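**Student:** Pasted the sequence and its predicted model underneath.
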Amino acid sequence: MMADKPSAAELKDYAEQADAWFKENTVRDPGFMLPLTFMEVSTDQQFDFLQEWQRKVYEAGYLGASWPKEYGGGGLHSDFQRVATRAMKNYDAPIMLNAIGNGWAGPLILDLGSEEQKQKYIKPMLSAEDIWCQGFSEPENGSDLGNAQLKAVKEGDEYVLNGSKIWTSLGDRAKYMILLARTDFDAPNKYAGLSFFLNPMKIDGITTSRIKKLTGEYGFVQTFFTDARISADCLFGGEGNGWSMAMKTLEYERGAKVKPVGGFFVKELDVMEIVELAKNSVRNGKPLLDDPVMRDKMTQYMIDIQALNLNNTRRRMPQLMQDKPMGLPLMNKLARTELIRELTEFSLAFQGTKAGYYVGDENAVDDGYWHRSYLNSFSATIGGGTSEIQRNIVAEHALGLPKTR
Ligand SMILES: Cc1cc2nc3c(=O)[nH]c(=O)nc-3n(C[C@H](O)[C@H](O)[C@H](O)COP(=O)(O)OP(=O)(O)OC[C@H]3O[C@@H](n4cnc5c(N)ncnc54)[C@H](O)[C@@H]3O)c2cc1C
């Protein structure tokens, strides 16, 4: 049941409390480099810090504030969560670690799970006690998700898993995985043979191998399944319904549907940070901010970001969404991730010869923050569906253009 919409006075009180809490409790610089996104948690130190941070925010009531009370949420109207998340942004609070749990597995379980599953999984997911990962991509089947080949063969009241998943973010840390596997190799089409599991990770037969990223960080793994046995109770949504469950998960992952848990899974880039960088940059003895070409570009980026933010606000106004309800969220993933990639690339243009120095070099501008942001910006244009795939989806499902295949 939806909680009552709060009055302006109630929201103002709540905002003051949230502001005070984040002012007092936010640690932005714990003395080591924090990950920019949940996809590059490399060290135990980073993991432990972020797990503890999420637990603390949850226990203070600022994460999952609008999720149902009976499963561990706060039971409040979603306006309260929006206010709390704004406070996190104001104080540049660290990211939330359990993105796959809280962002996509949790909403899916709340929507379609049994009472028992909700009781079991939701609260420890909110408190970051149970970390979740996602086993969709395979070495030969990333964009072609429907072709997933990992085998799940039913034997009595168990499934036996064999195969491999790749690019599993948080895969070596997670307790559970949302897993897409093939239960029927003779189904009439590739989609019909798939099933979806809430799969325990810490069992015999599942091993992981870390993959180093472009940035030098870690954060995802290849996951190997060798005769791993899981209880048949781990099946979610019924045998043969894996494709439908995966598509519902992707609606959350790509932002087409949201059950806002609160906080940010990815550090939000603020164009004003680039303005600051430009103010302090000099070329040929003149402030780079005075260069008309640079000014023009920066103004254009500010307009683009403002347009995206306003567009996002349209979500909350049903009258403006009527014509193409899915079009806006689908477009947003594409436009926002591509813009951030361009913007971080642009930030390097202010650094002159220093643009060659990376994290760890004493000459690097802002300790290499911009370089790292630029290299990391590619992940979001690939994860959850590449920009090319996203363009196909927008064309076919939002604009109604003819299908490519
Ligand atoms: C940082 C990061 C974290 C990730 N985390 C996870 C995770 O936790 N769990 C998980 O399961 N996966 C994860 N992924 C994997 C991600 O979902 C896949 O990389 C993505 O779906 C693309 O698949 P692929 O890498 O196999 O590329 P491919 O599918 O091989 O694509 C290669 C290129 O061909 C293009 N292409 C392919 N098919 C088409 C088409 N039909 N039309 C036009 N162009 C096409 C693609 O756009 C791309 O440019 C992560 C990826 C990254 C970068």
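**Tutor:** All right, it came through fine. The structure presented is a predicted model; accordingly, all values stated were derived computationally and were not measured.

**Student:** who's in contact with the helix or strand bottoming out on mean pLDDT in the chain?
**Tutor:** Every helix and strand of the chain was ranked by mean pLDDT, DSSP states H and E. The lowest is helix 318-321, at a mean of 72. Contact with helix 318-321 is made by 314-315, 328, as judged by CB atoms under 8 Å, 6 or more residues apart in numbering. For every residue, glycine as well, the C-beta is placed using N, CA and C.

**Student:** With only the CA atoms kept, save the helix or strand residue 181 falls within in CSV.
**Tutor:** Using DSSP states H and E, residue 181 maps to strand 176-182. This file holds the C-alpha atoms of strand 176-182, laid out as CSV (Å, rounded to 0.1, in the frame of the first residue of the first chain):
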residue,chain,number,x,y,z
TYR,A,176,23.7,-14.3,-4.1
MET,A,177,23.5,-14.0,-7.8
ILE,A,178,20.5,-13.3,-10.1
LEU,A,179,21.3,-16.0,-12.6
LEU,A,180,20.0,-16.7,-16.2
ALA,A,181,20.6,-20.3,-17.2
ARG,A,182,19.3,-22.8,-19.8
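
**Student:** so what's residue 133 up against?
**Tutor:** Residue 133 makes contact with 100, 168-171, 173-174, 176-178, 201, according to CB under 8 Å, 6+ apart.

**Student:** Make a markdown table out of the residues you listed and add pLDDT.
**Tutor:** A markdown table is the format used below for those (pLDDT from 0 to 100):
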| residue | pLDDT |
| --- | --- |
| 100 | 97 |
| 168 | 98 |
| 169 | 97 |
| 170 | 97 |
| 171 | 97 |
| 173 | 97 |
| 174 | 98 |
| 176 | 98 |
| 177 | 98 |
| 178 | 98 |
| 201 | 98 |
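
**Student:** among those, which two are most distant?
**Tutor:** Spanning the widest gap among the contacts of residue 133 are 173 and 178, at 14.9 Å by CB to CB.

**Student:** the more surrounded of those two?
**Tutor:** The residue with more neighbours, out of residue 173 and residue 178, is residue 178; 24 against 19, by other CB atoms under 10 Å.

**Student:** So the more buried one is in contact with residue 107, correct?
**Tutor:** No. The criterion here is CB atoms under 8 Å, and residue 178 misses it with residue 107 at 11.4 Å.

**Student:** Count the neighbours of the closest residue to the ligand within the chain for me.
**Tutor:** Across the chain, the shortest distance to the ligand (CB to the nearest ligand atom) belongs to residue 142, at 1.8 Å. Using other CB under 10 Å, residue 142 is surrounded by 17 other residues.

**Student:** secondary structure class for the spatially closest residue to it that is not a sequence neighbour?
**Tutor:** With CB to CB, 6 or more residues apart in numbering as the criterion, residue 142 has its nearest non-adjacent residue at 7.4 Å, and that residue is residue 167. Under DSSP: H, G, I helix; E, B strand; the rest coil, the three-state class of residue 167 is strand.

**Student:** Go ahead and confirm residue 167 touches residue 211.
**Tutor:** Yes. Residue 167 sits in contact with residue 211 when judged by CB under 8 Å, with a separation of 7.4 Å.

**Student:** Between the two, which is the more surrounded one?
**Tutor:** Neighbours per residue (other CB under 10 Å) separate residue 167 from residue 211, with residue 167 holding more: 22 against 14.

**Student:** Can you give me every residue that contacts the more buried one?
**Tutor:** Each residue near residue 167 by CB under 8 Å, 6+ apart is listed here: 137, 142, 211, 220, 222, 383.

**Student:** pLDDT score assigned to it?
**Tutor:** Model confidence at residue 167, given as pLDDT, is 97.

**Student:** So what's the residue count around residue 229?
**Tutor:** With other CB under 10 Å as criterion, residue 229 counts 13.

**Student:** can you confirm it is in a strand?
**Tutor:** Yes. When three-state DSSP is applied, residue 229 is found to be in a strand.

**Student:** Which parts of the stretch 201-350 of the chain are strands?
**Tutor:** Counting by DSSP state E, counting those that start in this stretch, the stretch 201-350 of the chain has strands at residues 206-211, 220-231, 235-236, 282-283, 286-287.

**Student:** will you turn the ones you listed into CSV that also has mean pLDDT and distance to residue 247?
**Tutor:** Shown next, in CSV, are these (pLDDT from 0 to 100; distance: least, CB to CB, whole Å):
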stretch, mean pLDDT, distance to residue 247
strand 206-211, 98, 25
strand 220-231, 98, 22
strand 235-236, 98, 14
strand 282-283, 83, 49
strand 286-287, 84, 50
